[in-house]
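1. fold the following and give me the result.
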Amino acid sequence: MVKIGIISDIHSNKVALEAVLDDMPDIDYLVCIGDIVGYGPRPAECVEIVREECDVIIQGNHDRDIHNPEVYEANHMAYQGLLHSASELSDEQSEWLSSLPAQKDAPANFRAVHSHPAVTDMYVKPDDFPEMYKYTETYSGLILGHTHIQHAEMVGKCIVINAGSVGQPRDSDPSSAYGVVDVQENTVDLRRVEYDVEAVIEDIDDIGLPIESGWRLRDGW
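-> Below you'll find the predicted structure:
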């Protein structure tokens, strides 16, 4: 029985990442769907944990733009978060993020991509999952991230999954999100785990990141 753990959109939230890994049941593979850095206070620590724990790692848009934070100037939370991430990461860590693939085959004939399989940085929200049929014909599963919204759905014979966000949920549930796929049963366990949100908010404030980046963690928005 093969089981695949899925984590995504960690956004430098080490406390949430550790809570998820502590809660994770026994799995055979762990897949990270990107956005390891950005927004939060602990990018370097999150990078090292992901590198140590994950078997497949996809590049998210914040990972890709670690050297180009100005593209997020219109969003001061994202902009300041990337500036902080760039200042905290070593040159080697930054180069590693830049080298990650935008999408990649995962175990058990699954395809992993951070945003949209054909359009870079496009959000694929739950209502859009049926449209993914055109990208699923040769795969058993399609794993997505980027929206921070947890959802799974059968599209034809393929299961389409967004495990939600580890470090910054946006589906009105502040608890950290992840998923576990049972390949034989073709089922997904979409899981949530509480973590010390207030400790992360305090860390964000102490570092001088926008306090809104902490407040949003309380409500999952």
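
2. alpha carbons only for contacts and neighbour counts from here, please
-> OK.

3. for the helix of greatest length in the chain, what is the distance to the chain centroid?
-> Secondary structure of the chain per DSSP state H: the longest helix is helix 76-88. Relative to the chain's own centre, helix 76-88 is displaced by 17 Å; criterion: C-alpha atoms, centre = their mean, to the nearest Å.

4. list the buried residues in it.
-> 77, 78, 79, 80, 81, 82, 83, 84, 85, 86, 88 (16 or more other C-alpha atoms under 10 Å).

5. wait, the fourth one sits on residue 210?
-> The one in question is residue 80. Yes. Residue 80 is within contact range of residue 210, at 7.2 Å (criterion: C-alpha atoms under 8 Å).

6. sorry, back to before: contacting residues around the longest helix of the chain?
-> Identification of contacts with helix 76-88 by C-alpha atoms under 8 Å, 6 or more residues apart in numbering yields 12, 37-44, 62, 65-67, 69-73, 94, 209-210, 212-213.

7. list only buried entries from those residues.
-> 12, 37-44, 62, 65-67, 69, 72, 94, 209-210, 213.

8. and the helices in this structure?
-> Under the criterion DSSP H, the chain contains helices at 14-23, 43-53, 61-64, 76-88, 91-99, 197-207, 212-219.

9. thought residue 205 was touching residue 212?
-> No. Using C-alpha under 8 Å, residue 205 is not in contact with residue 212, being 9.4 Å away.
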